[in-house]
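**Student:** the amino acid sequence is not available; the structure is as follows:
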């Protein structure tokens, strides 16, 4: 029984490590690893910060992987709202790292993600500004203006 449990934990850990590594690559094998992982564990935390695979894709700006995941499995509003231990959503991470195309893709799925606050009360536009990501800041400001949320 203990051997089976250890094997299962090891297998899960290996899958998580492989998905983490694949999130910042653009080769066919990495994309396939991400597809397989996302079929079962889209919103499962894969690190000690509580990040999901969507957080990692946002951090690394892997547009191709995000597109393929969208084709493979619909990404729900709930998937995009999953927060890590800091309360950051994948959109917060994309804003922090200036991943404009990922930000656009996420907001095309659910515009009101711009309102999400992390544990420090920061919205994605605040995170973009604090990180010096001007293009993402301008994009988010336009969306907020259009939504009449100012």
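**Tutor:** Nice, thanks for sending it over. Keep in mind that this is a model prediction, so the values were computed, not measured. Residues are numbered from 1 along each chain as shown.

**Student:** in what helix or strand does residue 35 lie?
**Tutor:** helix 28-41 (DSSP states H and E).

**Student:** elements contacting that helix?
**Tutor:** Where contact means 3 or more CB pairs under 8 Å, 6 or more residues apart in numbering; DSSP states H and E, helix 28-41 is packed against helix 2-22, helix 53-60, helix 63-72. In short, each C-beta sits where N, CA and C put it, glycine included.

**Student:** pretty sure residue 96 contacts residue 128?
**Tutor:** Yes: using CB atoms under 8 Å, residue 96 and residue 128 qualify as a contacting pair, with a distance of 7.2 Å.

**Student:** what about those two, which has more around it?
**Tutor:** residue 128 (28 against 19; other CB atoms under 10 Å).

**Student:** which strand or helix spans the more buried one?
**Tutor:** helix 124-130.

**Student:** which helices and strands does that helix pack with?
**Tutor:** helix 90-96, helix 134-146.

**Student:** please identify the most buried of those helices.
**Tutor:** Highest mean neighbour count among these (mean count of other CB atoms under 10 Å): helix 90-96, with a mean of 28.

**Student:** what is the mean pLDDT for whatever helix or strand comes next after that one?
**Tutor:** Toward the C-terminus, helix 90-96 is succeeded by helix 100-109 as the next helix or strand (DSSP H and E). For helix 100-109, the mean pLDDT works out to 96.

**Student:** so what touches helix 100-109?
**Tutor:** 57-58, 61-63, 66-67, 70, 75, 77, 80, 90-91, 94-95, 113-114, 124, 135-136, 139-140, 143 (CB atoms under 8 Å, 6 or more residues apart in numbering).

**Student:** and the angle for that helix with helix 134-146?
**Tutor:** For helix 100-109 against helix 134-146, the angle by axes from the mean of the first three to the mean of the last three CA atoms, to 10 degrees is 20 degrees.
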